[in-house]
Structure formats: C-alpha cells, structure tokens
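*Asks:* What follows is a predicted protein model with its sequence.
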Amino acid sequence: MYAFFDVDGTLLSFKSMFSFQEFFYRWEGQAAGEARWKDFRERFAAWAREGRDRLFLNREFYRSFLGRSTQAVRAAAEEWFSHERRRPGLLIAPTLQALRAHQARGQVPVFVSGSLMEILAPVARELGVEHCLATRLEVHQGRYTGALEGGQVIGQGKAEALHAFLARQSASAAECFAYGDDLTDVPMLEAVGHPVAVIGDTRLAEHARRHRWRMLTVEAEPGAAACAS
C-alpha cells in the first residue's frame, strides 16, 4: 500500500523551487547572483499579477536551468538542504506525523511534486522516502536544456504520474492514500481511495467538505495531527 504526498505546502512549509533558486543564484556568484535572483523574482511577480497559471510559471522556472551543469545543481541541492534542514518549522508537523504513521504501518510513502527531482532528493533521503514522482529535465552533455522531460507533475499530471507508478507496481489506487494542500492537487486526491486534504487553501477545504474527505489541520500543535471527516 502507498501513501502519496505533495511536498511544497503539504510537507515542507515553504516552496522548495524558489528557495533553491534563490540559494543557487547566490551560490553561483555574490553580487551577480544577487542581481540575477532579483531579476528572476521580479519577472515571476509580474507574471503572477497577470494571472499566469502554474503550468506557465513552472515552465518558465525550468527555462532558467538552461546551461546549468547537472553536477553543479545536484551539489547545490545538497548544500541548500543542509542549510534548510536547520530552518525552524521546516516540516509541517501534522503531515510529518501522518507520513511517519504510514511508515510505521509498513505503508510506502511517495513524493508527488512539480518541484525538480534533484531538489527533492535530499528531502526524500532525510525522510526515508524511496519513491519520488517529480519534474525531470532534459540533459545534453551534462547540462540542462531548459526543457521538460515528459509532462509537468501538476494538476492532472500528478494523477497521471500516480496511476503510471501504481501500474508499474501492480497496486490498486483504491487502497492508497494521498495528501495535498492546494486545489491543483484535487486530481491526485480523487485518484485514490483515501484522500486527505491538508487545509490551508479555503477552496480545497470547501471541496473536501462537499466530498466528505478527511482533512488534516495544519494549525494543530506539533505531535497532535488532527483528522476530521
């Protein structure tokens, strides 16, 4: 049996993609890196104000990886997480407790995220998560081309990645759990027999109540995961 977890906003209390991007620009070079991060941040803020959807924003995010060495990104990701793991409140306590409970029952947790596989690798290792369904990028001669390899793992793409994984494992979705915090996680949550809405998005909360899904309240004190019908 598997338990699928969205990562950013569900397990991690921040957005791993943007946190890593800020770190990488500064890791590359002091003043120049700071200027590139400022330009990147302003472009994304402008697109957000224009109402661009997450598919567009993620595609543009990964275009910024054009020419980056895969080896450098992997090394930076390890260093990035070695800093982030000391951040207070890094992990959302009720969701972490749910993940640990699944592991204690012998159920296998799986990350499902639009974030990059290389960024999530140290997070997965820290939590003992073996399987990670995340964004992969095309590589040519050891460097990223800025293009996606396969589809985006967002919205319906998460459900498709989940079904493809379960087909490879010859497992039934009806027996599985899934955790997500955003309305875009609905296709993934609808794909399993035991959806759990991690409440932060009011629209997701309304959807969860209509469909009588379990809800995990992130306001709960650490160690006091609260599930409600």
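*Replies:* Arrived safely, thanks for sending.
*Asks:* From here on, just use CA atoms for contacts and neighbour counts.
*Replies:* Noted.
*Asks:* max-length strand in the chain?
*Replies:* For the chain, the strand with the greatest residue count under DSSP state E is strand 108-116.
*Asks:* Which strands and helices lie in contact with that one?
*Replies:* With contacts taken as 3 or more Cα pairs under 8 Å, 6 or more residues apart in numbering; DSSP states H and E, strand 108-116 sits against strand 2-5, helix 16-28, helix 93-104, strand 131-135, helix 156-169.
*Asks:* redo that, cut-off 7 Å
*Replies:* strand 2-5, strand 131-135 (3 or more Cα pairs under 7 Å, 6 or more residues apart in numbering; DSSP states H and E).
*Asks:* Out of the ones you listed, the one nearest Leu166 is which?
*Replies:* Ranking those by proximity to Leu166 (Cα to Cα) places strand 2-5 first, at 8.7 Å.
*Asks:* same question for that closest one, mean pLDDT?
*Replies:* Mean pLDDT, computed over strand 2-5, is 98.
*Asks:* who's in contact with the longest strand of the chain?
*Replies:* Contacts with strand 108-116, where a contact means Cα atoms under 7 Å, 6 or more residues apart in numbering, come from 1-7, 16-17, 99, 102, 129, 131-136, 152-154, 158.
*Asks:* What subset of the residues you listed is buried?
*Replies:* 1-7, 16-17, 99, 102, 129, 131-136, 152-154, 158 (16 or more other Cα atoms under 10 Å).
*Asks:* low-scoring pLDDT stretches of the protein, where are they?
*Replies:* 30, 219-229 (pLDDT under 70).
*Asks:* Recalculate using a threshold of 90.
*Replies:* 26-36, 48, 53-55, 87-88, 150-151, 199-202, 217-229 (pLDDT under 90).
*Asks:* Which helix runs longest in it?
*Replies:* In the chain, assigned by DSSP state H, the helix with the most residues is helix 30-49.
*Asks:* what's the neighbour count on Asn76?
*Replies:* For residue 76 the amino acid is Ala, not Asn. Counted by other Cα atoms under 10 Å, the residues lying close to Ala76 total 20.
*Asks:* And it, how close does it get to Ala31?
*Replies:* 18 Å (Cα to Cα, to the nearest Å).
*Asks:* Equivalent analysis for Phe23, please.
*Replies:* From Phe23 across to Ala31, the span is 13 Å (Cα to Cα).
*Asks:* Identify the residues contacting the residue of the chain positioned farthest from its centre.
*Replies:* Among the C-alpha atoms of the chain, the one farthest from their average position, using Cα atoms, centre = their mean, is that of Ala31, at 29.5 Å. By Cα under 7 Å, 6+ apart, no residues touch Ala31.
*Asks:* Doesn't Val139 lie inside a strand?
*Replies:* Yes - assigned with DSSP: H, G, I helix; E, B strand; the rest coil, Val139 falls within a strand.
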